Each structure stands twice: as structure tokens, then as C-alpha cells.
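Engineer: Sequence plus predicted model, see below.
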Amino acid sequence: MNRPLQIAIATHFFPSSSQPHRGMPIYEISKALAKIADVRVLCVDSVYPRNKLLRPRTFVSRTAEPSYTVPGVNVEYLGYAALPVVSRSLNGYNCGRALIARLRDSLPDVIIGYNVYPEGFGALAAGRELGIPVVVGALGSDVLADRDYLVTRLTARTIKNASLVLTVSDQLRNAAIHFGVSPEKCITIRNGCDFSIFKPSSREAARMELNVAPRAELAAFVGRLVPLKGLREFFEAAALLSASRPDLRIVCIGEGPLENELACRAAQPDLKGRVEFVRSATPAQIARWIAASNALCLPSYSEGCPNVVIEALSCGRPVVASNVGGIPELVDSNCGILVPPRDANQLANGILRALDYPWDHNQITAASRRSWDDVARETSEACHSVLSSRALAVA
């Protein structure tokens, strides 16, 4: 193939006008891929009625403006009608119809559907209709989270029927194989990092910028404010340490349905004045908060390959995280502390150890040095392998 590879990426994890910091890993992959291939991103999202009673309650749903653009990537925004719970088993089919309408006039060589259901399912439906091979990218909760019976079946069907499945960790690869994909059709491509943003820098300078007290022992969380991230345990762990560590502070960067609950918990006497919330932040702002911190804390119940862990390590900051998903593939005793999920006492002990340990910050920085260009190159090679196998099968 002399011309550049033509790739269509279907996902809803992508920056939009209403959520400009959503899906940054997929944006970074797309931007890096666009340097070596002809990339077209279709940000496809469920669209709910305006009536508050007919909108989801477990996550924030916001309609994207079709005219929104992002640097370095050709992106189109499209939606399909949905209802909470009721349309869940139909969302994959509706996503597929939306993709077919946009792809029919400009056929790519391969479609990558990031997020198994519904986007991966929809990508497969479009691929069958248009005769295009489909690569499905599993990100974590799309494979690991408990779903209802029908969505679990549709997830398994998507994984088994994909030309190739990409996972962001070996643990997630094993989970995908358990769903029925053959091992030779499932490969791990871990996430990368933008080292121009996430890099070692002065804690003191960052604290001056962010108005953090020099003596503060700052534990930072970055992510969606949802129960799955273990935020209730994080707050309880901080409360357990409040008497023995009077300088302990925590910062939560992100937004989500737990915002009000966490704000109320932070107002209680054992945490009052110790918690700061940052609802929205650019990657550069996140990097400054990480630089200002003593440690990143990610007490999730489930994870794929959490990019914030890679970013914290790239900044030279240790990580206290749950021993789940792909986290143990990123964190060892030289760069962090792993604890059991759902256990505030163990988490408090992990935070305490992280605050007291004499970390070698250069060693932490060296723990993860994958760039997004590395990820793009491996993704492009995976797509070429799919096309080569397809050509051999036809021959």
C-alpha cells in the first residue's frame, strides 16, 4: 500500500465542546496516528431527551456541538437516540447505523472501535455492511465492569467477531480472551505519555503557583468522581490520618455524580479545610497539581491502564493505588505502593508509607517512558497486520 493507511476511529471517549477533557488517551493516540496515517475520528455519542426524568442519573450526559474541533485531528461529532436502561441493548445497533451513514461515502481501510460496547459493536456492524475490517480497542470497564446479561452477551459477540482486539494491559487481554477471542487475535498496546507536559519539575514552584502550603502533605486524585474510583475510601483514609498527620491535604481533580456527596463529606469536622476540588483541568494544569503533590492516589475498584498513573510517574511522583487491573503492570516497589481495593484502613497505611518513604524521583521517572508515537506505531502495525491477513485469506 503506497498511500497512507486510512483509519476511521469510532469512540465516544473523545474531547467535545461540552467535555473538552474527556477521552484524552484516545485523542493522543489519534493525534499521533495522524502523523503516519490518514485518520478520521467519529465521536459518536448517545443523545438523551431534554426531559430530566428521561436522562441518565449515573453519569453526566451533555450534547456536543457538531462544529467543535481539536488540534491535529479530523473529527466529526454524531449521535444516536437513547433512553436510560431501556435502549442499552439497542445502543450498539443504533451506533452502527450512525457510523454507516457517515462512512459509506468515504470508505477507510480499517475501522478502530475504542470501547467494546456500544462503539465496538457499532463499528463491527458498519464494517460488515461496508466490507471493512474492524479492530476493537478494549479500555477497561467495557470488559471488566459488571453488566446486565444482554450487554455482556453483546460484549462477548463483539470481542469474538473483531478482526483484532487491542487491550491496554495484559490483565485486560486475559479478560478479553476469557470472553472468547483467540489469543493470537488479541494484543496489548499500553498507553503512552506526553513528556513535554508530564515531566519532573519543582514541587516548591508548583505549590507557589497553586497556593499550596509548603508544609502540606498533598495526596492528589485525578479522574471521574464515581464510586468505582474508590473516592469514598480515599476520603475515609484521609479522615483516619487527620489526627496523626495535621498537614495532610487532598485534592480531587475531576467531575462526576459523587461531587455533592464528597463535598458534604469534606465539610465534616475531620476533613474540614483539608480537601480541595478542581472540577476541570487541562493536562498542563493536571501536571502542575501532580508536581505539587507528595503522591498520586488512585484507589479504584477496577482499571485498565490508567493514564494518570503513567503521568504521575513521568512527573517523578510515587503512586498509591489499588492492586487491580493493569496497575501492577505499571507500579512496583520502586515507584509506588499497591493496596487492596475497598479498604480505607489499608489505603491510609499506604498513604502514610508513601509520605514517609525516601523516594528516588529519578528512578520513578524512569519507570514508564512510552510516548504516544510508540503507541501510534504499534497501532498502525496492528492495522497493517489485519489488512495483510485479510488479503491472504482472499487470495
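Structural biologist: Thanks, I have the structure now. Numbering: from 1, shown residues only.
Engineer: So Ser30 sits against Asp38, correct?
Structural biologist: No - Ser30 lies out of contact with Asp38 (Cβ atoms under 8 Å); the separation is 11.7 Å. For glycine as for every other residue, the C-beta is placed from the backbone atoms N, C-alpha and C.
Engineer: the more surrounded of these two?
Structural biologist: More crowded of Ser30 and Asp38, by other Cβ atoms under 10 Å: Ser30, with 28 against 15.
Engineer: confidence score at the more buried one?
Structural biologist: Confidence at Ser30, expressed as pLDDT, is 98.
Engineer: so who does the closest residue to it other than its chain neighbours touch?
Structural biologist: Distance criterion Cβ to Cβ, 6 or more residues apart in numbering; nearest residue to Ser30, sequence neighbours excluded, is Val73 at 4.9 Å. If a contact means Cβ atoms under 8 Å, 6 or more residues apart in numbering, then Val73 has 27, 30-31, 34, 39, 41 as its contacts.
Engineer: redo that, cut-off 6 Å
Structural biologist: By Cβ atoms under 6 Å, 6 or more residues apart in numbering, the contact set of Val73 is 30-31, 34, 41.
Engineer: and the lowest-mean-pLDDT helix or strand in the chain, how far from the chain's centre?
Structural biologist: Ranked by mean pLDDT, DSSP states H and E, the weakest helix or strand in the chain is helix 141-144, scoring a mean of 86. In terms of Cα atoms, centre = their mean, to the nearest Å, the centre of helix 141-144 is set 11 Å apart from its chain centre.
Engineer: right, and the helix or strand after it?
Structural biologist: As assigned by DSSP states H and E, the chain's next helix or strand after helix 141-144 is helix 149-161.
Engineer: which of the residues in that following helix are buried?
Structural biologist: Buried residues in helix 149-161, counted by 16 or more other Cβ atoms under 10 Å: 151, 154-159, 161.
Engineer: and that helix, average pLDDT?
Structural biologist: Mean per-residue pLDDT for helix 149-161: 93.
Engineer: and it, how far from the chain's centre?
Structural biologist: What separates the centre of helix 149-161 from the centre of its chain is 21 Å, taken as Cα atoms, centre = their mean.
Engineer: now swap in stretch 78-85 and tell me
Structural biologist: Worked out by Cα atoms, centre = their mean, stretch 78-85 lies 22 Å from the chain centre.
Engineer: residues of it that come out buried?
Structural biologist: So for stretch 78-85, counting by 16+ other Cβ under 10 Å, buried means 78-80, 82, 84.
Engineer: contact partners of it?
Structural biologist: 44-48, 56, 91, 94-95, 98.
Engineer: can you map out the helices along this structure?
Structural biologist: With helices called from DSSP state H, the chain shows them at 24-33, 91-103, 121-130, 141-144, 149-161, 170-178, 203-210, 231-241, 259-266, 283-292, 307-314, 344-356, 361-365, 372-394.
Engineer: I'd like those as TSV, with distance to Ser17 appended.
Structural biologist: Compiled in TSV, these are given as follows (distance: least, Cβ to Cβ, whole Å):
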stretch	distance to Ser17
helix 24-33	14
helix 91-103	18
helix 121-130	22
helix 141-144	24
helix 149-161	28
helix 170-178	30
helix 203-210	27
helix 231-241	27
helix 259-266	21
helix 283-292	18
helix 307-314	22
helix 344-356	36
helix 361-365	35
helix 372-394	23
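Engineer: Of all the ones you listed, which one is nearest Ala219?
Structural biologist: Of all these, the one in closest proximity to Ala219, counting by Cβ to Cβ, is helix 344-356 (5.8 Å).
Engineer: so what's Asp373 closest to, chain neighbours aside?
Structural biologist: Among residues not flanking Asp373 along the chain, Ala32 sits closest, at 5.1 Å (Cβ to Cβ, 6+ apart).
Engineer: Contacts only, for that neighbour.
Structural biologist: By Cβ under 6 Å, 6+ apart, the contact set of Ala32 is 372-373, 376.
Engineer: number of nearby residues for the closest residue to Phe234 other than its chain neighbours?
Structural biologist: In space, Phe234 comes closest to Pro299 once its chain neighbours are excluded; the distance is 5.2 Å by Cβ to Cβ, 6+ apart. Neighbour count for Pro299, taken as other Cβ under 10 Å: 27.
Engineer: do you know how far Pro299 is from Glu259?
Structural biologist: Distance check for Pro299 against Glu259: by Cβ to Cβ, to the nearest Å, it reads 18 Å.
Engineer: Let me see the contact set for Gly120.
Structural biologist: By Cβ under 6 Å, 6+ apart, the residues touching Gly120 are 113, 136, 158.
Engineer: Which per-residue confidence value corresponds to it?
Structural biologist: Note on Gly120: pLDDT of 97.
Engineer: Check Asp146 too.
Structural biologist: The per-residue pLDDT reported for Asp146 equals 76.
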